[in-house]
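> okay, sequence plus prediction incoming.
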Amino acid sequence: MQDTTPTSLPRRRLLAGGATVAATAGLAGLHGQALAQAAAPAAAKPLPGYAGWKNADAVVVHSSTTIETKRSAFGTSVVTPTNQLYVRNNLPTPSESIVADRDAWQLQVAGVRQPRTLSLRELKTLGLETVTMVLQCSGNGRGFFPSKPSGTPWTVGAAGCVTWSGVPVRDVVQALGGLIDGVPYMTGTGGEVLPAGIDPKTVIVERSVPVAAMQDAILAWELNGEPIPLAHGGPLRLIVPGYTGVNNIKYIKQLAFTPKESDARIMSHGYRITPPGGKGDPSQPSVQEMSVKSWINSPVPEDGTQAAGTVQIHGVAFGGLHGIKGVEVSLDGGKTWRAARLVGPDMGKYAWRQFVLQATLPKGKHVLASRATDDQGNVQPETRGENQSGYNNTSWADHAVTITVA
């Protein structure tokens, strides 16, 4: 596959090197991190061609369709650079030919009073909005589950905070006469090429969310101020702020307002909160809205042994559908907590907030943890919600890190 480097992003040499390792925990309640470390790949894999422009120093390549941002690479800016944003594709990436003439891309809109097919060029005439939001894979934090669920063993890097620009879905609906009656779901269908000879519903990326999500959803053509790269769903992606990544449909070719949820397997059986040992089915909760979560990005074990003295402990916190009210940091694995300070611009309730706590650390080992509270009073939990596929891990204990001060 040929390279699809965005024109404004520098080419990066593919570097070999050690993969990031998950932080190990100093407390028994944090043992999931040791398991994540054991599951980490022993050597770096090369970047796949469609993402060859990524910063190889800032990411871990798990496979040709899964690329994770290193914990130490998040830095202290709110917006995650596109060249180190994680990648998760459920199907092989389409041909780069679909971004050769972006404005010609077509979207079918159904479940409205005047259904029609619109080109991206036409969509650009209907409205414009920009939103900064956390994009996070449903399995972010899977690597901390002791049960070692199948799937990519993400730690914290299957997430990023990015800015999208496009037309509000509500404006498209209004331009097409409004919704028909009896359509409680908004259903997006991806435009990936499907394997021949099998039932399309078994593999197609098609997800339904409550129609209320339409109010803040956009059909985006820009990511961080540039045309959306093929790796991230260009030329057109459905963006549903506050919802996990799988609900933000890449290469969207159909947007339908429907009386029922999609019967595609990725909706009916996939991405369900299935009890350990069970199999997914439509009766189980669907992985959709995100909830309050935070983690520390520095210092972490990747930084090496810390010198004794003053340190700035910083990380990120977000609330899914809600803004962040505050963050606490613990230096002793959750026995005591101190209020951290929110820093940097507040870019809206869907974006994450940077936090910092200045602390003096004596020599020895320290278990650092963060715990966020959203503006509705929901507090990040200590424990994970056990489930078969390792989804929705918001446990502050799992995300804690142990550092050594010399």
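Thanks, I have the structure now.
> identify the bridge partners of S330.
Beta-bridge partners for S330, by DSSP bridges, are A369.
> could you check how many residues crowd around it?
If you count neighbours by other C-beta atoms under 10 Å, S330 ends up with 22. Any C-beta I mention is one placed from the backbone N, CA and C, and that applies to glycine too.
> gap between it and G280?
Distance check for S330 against G280: by C-beta to C-beta, to the nearest Å, it reads 35 Å.
> could I get the full set of helices for the stretch 201-350 of the chain?
265-268 (DSSP state H, counting those that start in this stretch).
> where does the prediction get shaky in it?
In the prediction, the stretch 201-350 of the chain carries no residues with pLDDT under 70.
> now do the stretch 1-150 of the chain
Along the stretch 1-150 of the chain, the parts satisfying pLDDT under 70 run over 1-43.
> where do the helices of it begin and end?
Using DSSP H, counting those that start in this stretch, helices in the stretch 1-150 of the chain cover 32-39, 120-123.
> contacting residues around the last one?
Under the criterion C-beta atoms under 8 Å, 6 or more residues apart in numbering, residues 102-107, 166-167, 172, 219, 221, 235-236 lie in contact with helix 120-123.
> separate out the buried members of those residues.
Of the members of the contacts of helix 120-123, the ones counted as buried by neighbours, 16 or more other C-beta atoms under 10 Å, are R102, W105, L107, G166, V167, V172, L219, W221, P235, L236.
> mind listing which of those residues are in strands?
Judged by DSSP state E, the subset of those located in strands is L107, G166, V167, L219, W221.
> only alpha carbons, please: show stretch 260-268 as PDB.
This file holds the C-alpha atoms of stretch 260-268, laid out as PDB (Å, rounded to 0.1, in the frame of the first residue of the first chain):
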ATOM      1  CA  LYS A 260     -34.300  -0.300  15.600                       C
ATOM      2  CA  GLU A 261     -30.600  -0.700  16.300                       C
ATOM      3  CA  SER A 262     -28.500  -2.100  13.500                       C
ATOM      4  CA  ASP A 263     -28.600  -5.900  13.200                       C
ATOM      5  CA  ALA A 264     -24.900  -5.900  12.100                       C
ATOM      6  CA  ARG A 265     -22.900  -8.300  14.300                       C
ATOM      7  CA  ILE A 266     -20.600  -5.500  15.500                       C
ATOM      8  CA  MET A 267     -23.700  -4.000  17.000                       C
ATOM      9  CA  SER A 268     -25.900  -6.900  18.000                       C
END
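> for that stretch, list every residue counted as buried.
Residues of stretch 260-268 classed as buried: E261, S262, A264, R265, I266, M267, S268 (neighbour count, 16+ other C-beta under 10 Å).
> contacts for that stretch next, please.
By C-beta under 8 Å, 6+ apart, stretch 260-268 touches 90, 185, 187, 189, 201-208, 246, 281-282, 286.
> domain parsing for the chain?
Per automatic domain parsing, the structural domains of the chain span 96-142+155-268, 293-405.
> nearest to A58, of those domains?
domain 96-142+155-268 (9.3 Å; C-beta to C-beta).
> gap between that closest one and the chain center?
15 Å (C-alpha atoms, centre = their mean, to the nearest Å).
> stretch 391-406 now?
Using C-alpha atoms, centre = their mean, the offset of stretch 391-406 from its chain centre is 18 Å.
> what's the answer for stretch 94-103, then?
Worked out by C-alpha atoms, centre = their mean, stretch 94-103 lies 24 Å from the chain centre.
> now do the contacts for Q312.
S298, V356, L357, Q358.
> same thing but 6 Å
Residues counted as contacts of Q312 (C-beta atoms under 6 Å, 6 or more residues apart in numbering) are V356, Q358.
> over to S119?
Q106.
> so what's it bridging to?
Q106.
> make residue 1 into 6 and carry on from there
Yes, from this point I'll number from 6; that puts the last item at S124.
> can you tell me how far it is from Q179?
18 Å.
> do the same with L241
From L241 to Q179 the distance is 19 Å (C-beta to C-beta).
> which strand or helix spans T399?
T399 is located outside every helix and strand, with elements delineated by DSSP states H and E.
> state the distance from it to L133.
Where L133 is concerned, T399 sits at a distance of 33 Å (C-beta to C-beta).
> who has more neighbours, the two?
T399 (23 against 13).
> look up phi and psi at that one.
Torsion angles at T399 (phi, psi; degrees, to the nearest 10) stand at phi -120, psi 10.
> with adjacent residues omitted, what lies nearest to M295?
Take M295 and drop its neighbours on the chain: the residue closest to it by C-beta to C-beta, 6 or more residues apart in numbering is G325, 3.4 Å away.
> D176 now?
Among residues not flanking D176 along the chain, G132 sits closest, at 3.4 Å (C-beta to C-beta, 6+ apart).
> now, among the ones in strands among the buried ones among the contacts of helix 125-128, which is nearest to T70?
W226 (22.6 Å).
> show me what contacts that closest one?
Contacts of W226 (C-beta under 6 Å, 6+ apart): G171, L241.
> so how far is P200 from it?
To P200, W226 is 28 Å away according to C-beta to C-beta.
> how about G156?
20 Å.
> neighbour-wise, which of those two wins?
Between G156 and P200, counted using other C-beta under 10 Å, G156 has the larger neighbour count: 18 against 11.
> contacts only, for the spatially closest residue to the more buried one that is not a sequence neighbour.
Take G156 and drop its neighbours on the chain: the residue closest to it by C-beta to C-beta, 6+ apart is G144, 5.5 Å away. Neighbour list for G144: G156, W159, G395, Y396 [criterion: C-beta under 6 Å, 6+ apart].
> for the stretch 6-155 of the chain, what spans make up the strands?
In the stretch 6-155 of the chain, the segments counted as strands under DSSP state E, counting those that start in this stretch are 64-68, 71-74, 92-93, 111-115, 121-124, 134-141.
> could you redo these as JSON lines and give each row distance to G309?
JSON lines is the format used below for those (distance: least, C-beta to C-beta, whole Å):
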{"stretch": "strand 64-68", "distance to G309": "18"}
{"stretch": "strand 71-74", "distance to G309": "19"}
{"stretch": "strand 92-93", "distance to G309": "28"}
{"stretch": "strand 111-115", "distance to G309": "49"}
{"stretch": "strand 121-124", "distance to G309": "52"}
{"stretch": "strand 134-141", "distance to G309": "28"}
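> that'll do, ta.
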